[in-house]
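Novice: Here is my input; please provide its structure:
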Amino acid sequence: MTDVHSHLDSCITEVWELLERIGRETTDSPGITRAAWSRNEEMAADLVRAFARRHGLQVLNDAFGNIQFLLPGVDPATPCVTTGSHLDSVPHGGNYDGLAGVAAGLAVLAAANADPNPARPFRAVAMRCEESPWFGTAYLGSRLMLGLSTLDEIGDLVRSDSGQSLRHHIQNLGYPRTDGAVASLLNSDLVTSFLELHIEQGPLLESDSIPVGIATAVRGNVRFPDACCIGAYGHSAALPRRFRQDAVLAVAELALSLDGYWKDRIAQGDEDFVLTVGKFSTDAAQHAMTKVAGDAKFSLNIGAAVKTSLDAARSHLFDLIKGIENDRGVTFELGREVGTTPTQLDTTLIALIEDTAGALGIATRRMPTVGHDAAMFVRAGIPSAVILVRNANGSHNSDEALDRKDFAGGVHVLGRAMHRLASAQ
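Specialist: Model (predicted):
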């Protein structure tokens, strides 16, 4: 094991260069863009495949463009400790959200391949389309890879920027490929545990000067992507308050009331609840400085790490809406509701990662996290955990920043945890 970990540093140097190259190749100022099943995402896939082959790893593509990497000599049907993350990004996002976890898995497997001992039952994966902006829903690559969704069920989803279907984009890239072995679907028989390295997407580790976080749960959410409030247009100077049906103030009141609810949750010790009004706009064809707004469009995203907290917030939302409608004479139409239930991560794996990091002298913090592909592995009945690496400036923005030393520390934690899990099999 000592030889393996001495090789790991050189492999980390190589995958860091791979990360930087992919970032340069997929620059879309500001930031980078790797749309799901796009040429940019496929370019990233080609580069990680080339890296894996240079290091003697087996490369298997599934029918949807997800990639599996195995050590030479490991039968693809072997139950494996598995790691990995996604290749896509949000529009004009950062380079490391998802891709850092793919690179980390490649580094661990490349270093393990230098081990003179028999090949470890390791698998790394690079998945497509974890991000929701492209098809209006998340985790498409991992859902297909794990058999949680089929192409018959979701193939007609349309990508937001192209207007083309998911099925079209997969086929346009040439999948399923015929130039090599095709990977089978993964399940709990083939994946003994799943560890995902991912950048932290908030400020907690940075603010507390802690390099590594260990996720306790993946927050669930209740989302209304296309909500609106309907009031009535009126003259801004001629209409007294009691006659107004002001859609802007109604939505503002809802947002501020929910923010007050959030503050109350924090005061009660609940730090795991989050709330976002991400879109808020009036009709550009009708709005004016001298008109009371008759309609306003907005989105609402409520997140929590525990289902009872999510259910309570949803119920409170509808109570608030009823009161605002009665007081202001407006009508809320929330539109379609989407979301996921909170996912609790494996406590045994959490403790193992914590112990592994401690042995390396790396400080950690337990904390809930946001949506990651690991949630789909849990849904498939696979024990899963997420290692979070400190990242300045958050993510889903062009200023995302990952320190190379922090990345290296996270990869060492991942590698040693995988070796411990494999040794216990």
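Novice: Going by C-alpha atoms from here, please, whenever you check contacts or count neighbours.
Specialist: OK.
Novice: List the buried residues for the helix or strand bottoming out on mean pLDDT in the chain?
Specialist: Among the helical and strand segments of the chain, the one scoring lowest on mean pLDDT, DSSP states H and E is strand 338-340, with a mean of 84. For strand 338-340, burial by neighbour count (16 or more other CA atoms under 10 Å) applies to Thr340.
Novice: I'd like to know which elements whichever helix or strand comes after that strand is packed against.
Specialist: Reading on from strand 338-340 to the C-terminus, the next helix or strand found by DSSP states H and E is strand 343-344. Helices and strands in packing contact with strand 343-344 are listed as strand 212-218; criterion 3 or more CA pairs under 8 Å, 6 or more residues apart in numbering; DSSP states H and E.
Novice: Give me the domain ranges for this protein.
Specialist: Here the chain is described, according to automatic domain parsing, as comprising the domains 2-218+343-424, 220-340.
Novice: Pick the most buried one from those domains.
Specialist: domain 2-218+343-424 (a mean of 20; mean count of other CA atoms under 10 Å).
Novice: Tell me how far it lies from the chain's centre.
Specialist: Using CA atoms, centre = their mean, to the nearest Å, the mean C-alpha position of domain 2-218+343-424 is found 10 Å from that of the whole chain.
Novice: average pLDDT across it?
Specialist: Mean pLDDT, domain 2-218+343-424: 95.
Novice: which SS state does Leu60 fall under?
Specialist: When the structure is reduced to helix, strand and coil (DSSP: H, G, I helix; E, B strand; the rest coil), Leu60 reads as strand.
Novice: Please apply the same query to the one 3 residues further on.
Specialist: Going by three-state DSSP, the secondary structure assigned to Ala63 is coil.
Novice: how about the closest residue to it other than its chain neighbours, what does it touch?
Specialist: Residue nearest to Ala63 in three dimensions, not counting chain neighbours: Pro176, with 4.1 Å by CA to CA, 6 or more residues apart in numbering. In this structure, Pro176 makes contact with 61-65, 182, judged by CA atoms under 8 Å, 6 or more residues apart in numbering.
Novice: and what of Asn301?
Specialist: Asn301 makes contact with 221-225, 275-278, according to CA under 8 Å, 6+ apart.
Novice: switch the cut-off to 7 Å
Specialist: The neighbours of Asn301, taking CA atoms under 7 Å, 6 or more residues apart in numbering as the test, are 221-224, 275-277.
Novice: just Val212 next, same as before
Specialist: Applying CA under 7 Å, 6+ apart, one finds that Val212 lies in contact with 363-365, 387-390, 410.
Novice: Okay, and the beta partners of it?
Specialist: When bridges are called by DSSP bridges, Val212 pairs up with Thr364, Val389.
Novice: Please determine how far it is located from Asn391.
Specialist: Per CA to CA, to the nearest Å, Val212 is found 10 Å from Asn391.
Novice: Return the residues in contact with the residue nearest to Phe273 when sequence neighbours are not counted.
Specialist: Setting aside the residues directly before and after it, Phe273 is nearest to Ala304 in space (CA to CA, 6+ apart), at 4.6 Å. Taking CA under 7 Å, 6+ apart as the definition of contact, the neighbours of Ala304 are 219-221, 272-274, 310, 342.
Novice: and the residue positioned nearest the centre of the chain, backbone torsions?
Specialist: For the chain, the residue sitting closest to the mean C-alpha position, by CA atoms, centre = their mean, is His372 at 3.7 Å. His372 has phi and psi values of phi -140, psi 160 when expressed as degrees, to the nearest 10.
Novice: now do the one 3 residues further on
Specialist: Here is the backbone geometry of Ala375 (degrees, to the nearest 10): phi -60, psi -30.
Novice: if I've got this straight, Ser29 is in a helix?
Specialist: No: Ser29: not assigned to a helix; according to three-state DSSP it is coil.
Novice: Give the closest residue to it in space, chain neighbours not counted.
Specialist: Closest residue to Ser29 apart from its sequence neighbours, by CA to CA, 6+ apart: His92 at 6.8 Å.
Novice: Now do the contacts for that neighbour.
Specialist: Contact analysis of His92 by CA under 7 Å, 6+ apart lists 28-33, 397-398.
Novice: With Ile210 instead?
Specialist: For Ile210, the set of contacting residues under the criterion of CA under 7 Å, 6+ apart consists of 363-364.
Novice: that's a helix at it, yeah?
Specialist: No: the assignment for Ile210 by three-state DSSP gives coil, which leaves it out of any helix.
Novice: any idea how far it is from Val389?
Specialist: When distances are taken as CA to CA, Ile210 and Val389 turn out to be 9 Å apart.
Novice: next one: Leu19
Specialist: Between Leu19 and Val389 the distance is 15 Å, computed by CA to CA.
Novice: ok, Met418 touching Val81?
Specialist: Yes: here Met418 reaches Val81: they are 6.5 Å apart, a contact under CA atoms under 7 Å.
Novice: in this structure, which spans are helices?
Specialist: In the chain, the helices defined using DSSP state H lie at 2-25, 39-54, 99-112, 140-145, 151-154, 166-172, 204-208, 247-267, 307-328, 347-359, 374-379, 404-424.
Novice: a markdown table for those helices, including distance to Ala124?
Specialist: Converted to a markdown table, those look like this (distance: least, CA to CA, whole Å):
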| stretch | distance to Ala124 |
| --- | --- |
| helix 2-25 | 14 |
| helix 39-54 | 10 |
| helix 99-112 | 5 |
| helix 140-145 | 13 |
| helix 151-154 | 23 |
| helix 166-172 | 21 |
| helix 204-208 | 26 |
| helix 247-267 | 38 |
| helix 307-328 | 31 |
| helix 347-359 | 17 |
| helix 374-379 | 13 |
| helix 404-424 | 11 |
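Novice: quick one: which of the ones you listed is nearest Leu87?
Specialist: For those, the distance to Leu87 is smallest for helix 99-112, at 5.3 Å, taking CA to CA.
Novice: Need the contact partners of that closest one.
Specialist: 4, 7-8, 11-12, 15, 52, 55, 71, 83-87, 124-126, 196-198, 411, 415.
Novice: Need phi/psi at the residue nearest to Ser29.
Specialist: Main-chain torsions, His92, degrees, to the nearest 10: phi 50, psi 40.
Novice: How about Val74?
Specialist: As for Val74, its main-chain torsions (degrees, to the nearest 10) stand at phi -90, psi 120.
Novice: Spit out the contact partners of it.
Specialist: Val74 touches 119, 121, counting by CA under 7 Å, 6+ apart.
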